[in-house]
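[1] Okay, here's the prediction I keep looking at, along with the sequence it came from:
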Amino acid sequence: MTAPQRTDYHEYKVIHVTDGGIKAVLLGATGLPMPVIEGELNRWAAEGWQLVFMAIEQRRFALFWDREAAVITLGR
């Protein structure tokens, strides 16, 4: 059974989670750190925040490498 969806949020919070830039330089490619994202979501959920929207962005890093980030919108 899934939890009911809320659409009447009274406040929002946007958090930005990025991967480490040093991994891009050493390994050439990186992915988002899932344990870090889970930890952030669990920390905010303990304070009553719920995930509203999440987007993944890629940015150029140090001329040759790309870096991923998650932009997460929370509401309560």
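    Arrived safely.
[2] show me where pLDDT drops low in the protein?
    Confidence mapping of the chain against pLDDT under 70 gives the ranges 1-6, 19-31, 60-65.
[3] make it 90
    Residues of the chain meeting the criterion pLDDT under 90: 1-9, 16-37, 40, 56-70.
[4] Counting residues, name the longest helix you see in it.
    helix 34-45 (DSSP state H).
[5] so after that helix, what's the next helix or strand?
    Downstream of helix 34-45, the first helix or strand assigned by DSSP states H and E is strand 50-61.
[6] That following strand to helix 34-45, inter-axis angle?
    Orientation note: strand 50-61 sits at an angle of 140 degrees relative to helix 34-45 (axes from the mean of the first three to the mean of the last three C-alpha atoms, to 10 degrees).
[7] CA-only coordinates of strand 50-61, as PDB, when you get a sec.
    Output in PDB follows, covering the C-alpha atoms of strand 50-61 (Å, rounded to 0.1, in the frame of the first residue of the first chain):
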ATOM      1  CA  GLN A  50       8.500  14.900   1.600                       C
ATOM      2  CA  LEU A  51      10.100  14.500  -1.900                       C
ATOM      3  CA  VAL A  52       8.200  16.600  -4.400                       C
ATOM      4  CA  PHE A  53      10.400  16.700  -7.400                       C
ATOM      5  CA  MET A  54      14.000  15.600  -8.400                       C
ATOM      6  CA  ALA A  55      16.000  16.500 -11.400                       C
ATOM      7  CA  ILE A  56      19.500  15.300 -12.500                       C
ATOM      8  CA  GLU A  57      21.800  17.900 -14.100                       C
ATOM      9  CA  GLN A  58      25.200  17.500 -15.800                       C
ATOM     10  CA  ARG A  59      27.700  20.300 -15.800                       C
ATOM     11  CA  ARG A  60      31.100  20.700 -17.400                       C
ATOM     12  CA  PHE A  61      33.900  20.300 -14.800                       C
END
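[8] Please consider this matter closed, and thank you.
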